[in-house]
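*Asks:* Here's my sequence, what's the structure:
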Amino acid sequence: MLKKENRLTKIVKKAGEKKYFSPLLNVRMADNKDNKTRFGFVVSKKIDKRAVVRNRTKRVLREAAKHFLKDLAGRDIIIFVKKSLSFKDKEEVIKELSKIFK
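*Replies:* Below you'll find the predicted structure:
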């Protein structure tokens, strides 16, 4: 679980945000005024109707996001999940996020 200071509570569009796309994820990044990295995750019912699968996907993403907290200081990051990610393991998600964040 991410610490409360590293979580986005509301997902809003910001001016000057950058968008990145991959086969598994869509990512929106914007600078924030704090020097903290905050993550938000969007896993819709289009991914899977079962809450168990959506919650597992969010847990995997949260664990993967912990690896990038120090590298991305001062940014708000929103991750939108595509259907192909729902049954991937943590290592594959970390590889995909590292490609995007470079």
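
*Asks:* how about the helices in this protein?
*Replies:* Counting by DSSP state H, residue ranges of the helices within the chain are 51-65, 90-101.

*Asks:* Sort out which residues of the first one are buried, please.
*Replies:* By neighbour count on 16 or more other C-beta atoms under 10 Å, the buried set for helix 51-65 is 54, 57, 60, 61, 62, 64, 65. Using the backbone N, CA and C atoms, a C-beta is placed for each residue, glycine as well.

*Asks:* Could you pull up the contacting residues of the nearest residue to the last one once chain neighbours are set aside?
*Replies:* In space, residue 65 comes closest to residue 39 once its chain neighbours are excluded; the distance is 4.8 Å by C-beta to C-beta, 6 or more residues apart in numbering. If a contact means C-beta atoms under 8 Å, 6 or more residues apart in numbering, then residue 39 has 2, 6, 7, 8, 62, 65, 77, 78, 79 as its contacts.

*Asks:* Give me the most central residue, the chain.
*Replies:* Centroid-nearest residue in the chain: residue 79, 3.3 Å away (criterion: C-alpha atoms, centre = their mean).

*Asks:* Quick one: end-to-end length of stretch 7-27, please.
*Replies:* 15 Å (C-alpha to C-alpha, to the nearest Å).

*Asks:* pLDDT averaged over stretch 16-26 - what is it?
*Replies:* The pLDDT scores in stretch 16-26 average 90.
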